[in-house]
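J.: Show me the folded form of this:
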Amino acid sequence: MIDDILNELKSDISKSHEVLKKGLTRIRTGRANPDVLDAVRVDYWGTPTPISQMATISVPEARMLLVKPWDKQNLKAIDRAIREADLGLNPQNDGEVIRLPMPMLTEERRKDLTKVARKTGEEGKVSIRKHRQDARAMLESLKDDGEVGEDDVERALKKVDEIVQGGTSTVDEIVARKEKDILEL
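T.: Numbering: from 1, shown residues only. You can find the predicted model right below:
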């Protein structure tokens, strides 16, 4: 039972790390990254649809995204959705494709983005702490029900704290890499 709880905790923490990484890819750096457009939804026949389901997104240059819709009639809708998403991007529609040049980030904007990255990292840590609470509650209920001895539960609680400590340090490493990426010119 204790091993199952610890394995579930490890699994939950790794899922939190994946969610954090996915959230950080949406933060724009100086380089072009198609993941920036993941949160943008285009009104397609009354349904909010991700751009990736309507077009091919490529990176022809380090500071340029190219969006080529499968149906040219969607060009204006995609252009409008990108403008309304407030990403700081200025789409250039030539009737065939939409070019998205990535402007250089100002020093002030870089600092703002690092704050956003830290906030996202803190949300990841909160998620990990919640998983710790859940694991501790399960261990305590095992002890209260008399299924496991008190010494075994104490050892397991220490193991839970070690696992959580490792998970939060991994969050710090992930956020530090993203901050370095943001501040890189």
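J.: check contacts around the most centrally placed residue in the chain.
T.: Taking Cα atoms, centre = their mean as the criterion, residue 23 is the residue nearest the geometric centre of the chain, at 1.5 Å. For residue 23, the contact set (Cβ atoms under 8 Å, 6 or more residues apart in numbering) comprises 120, 123-124. C-beta coordinates here come from the backbone N, C-alpha and C atoms, glycine included.
J.: Any quick PyMOL command for the buried ones out of these?
T.: Only the buried entries of the contacts of residue 23 go into this PyMOL selection, using 16 or more other Cβ atoms under 10 Å:
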select buried, resi 120+124
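J.: just how off-centre is stretch 106-118 within its chain?
T.: Stretch 106-118 sits 16 Å away from the centroid of its parent chain (Cα atoms, centre = their mean, to the nearest Å).
J.: actually stretch 72-89, not the one I typed
T.: Centroid displacement of stretch 72-89 relative to its chain, using Cα atoms, centre = their mean, is 22 Å.
J.: Ends of that stretch, what's the gap?
T.: Distance across stretch 72-89, first residue to last, is 21 Å (Cα to Cα, to the nearest Å).
J.: Make 179 the first number, not 1, from now on.
T.: In the new numbering, first residue 179, that becomes stretch 250-267.
J.: So which residues make contact with that stretch?
T.: With Cβ under 8 Å, 6+ apart, stretch 250-267 has contacts from 206, 214-215, 217-222, 229, 232-233, 245, 247, 268-269, 271, 273-274, 276, 278-281, 287.
J.: Give me the subset of the residues you listed lying in helices.
T.: Of these, the ones assigned to helices by DSSP state H are residue 287.
J.: Which of the contacts of stretch 250-267 fall within strands?
T.: The strands, defined by DSSP state E, take in 219-222, 233, 245, 247, 271, 276, 278-279 from the contacts of stretch 250-267.
J.: For these, could you give me CSV that also reports neighbour count and pLDDT?
T.: CSV is the format used below for the ones in strands among the contacts of stretch 250-267 (neighbours: other Cβ atoms under 10 Å; pLDDT from 0 to 100):
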residue, neighbour count, pLDDT
219, 15, 88
220, 23, 87
221, 14, 83
222, 17, 83
233, 21, 88
245, 25, 90
247, 20, 90
271, 15, 87
276, 23, 90
278, 24, 87
279, 13, 87
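J.: and which of those is nearest to residue 331?
T.: Nearest to residue 331 among those: residue 219, at 47.1 Å, using Cβ to Cβ.
J.: Surely that closest one and residue 231 touch.
T.: No - using Cβ atoms under 8 Å, residue 219 makes no contact with residue 231, being 10.0 Å away.
J.: quick one, domains of the chain?
T.: Following automatic domain parsing, one gets these domains for the chain: 180-204+284-361, 212-279.
J.: From start to finish, how long is the shortest one in a straight line?
T.: End-to-end distance of domain 212-279 (Cα to Cα): 12 Å.
J.: With that, I have no additional questions.
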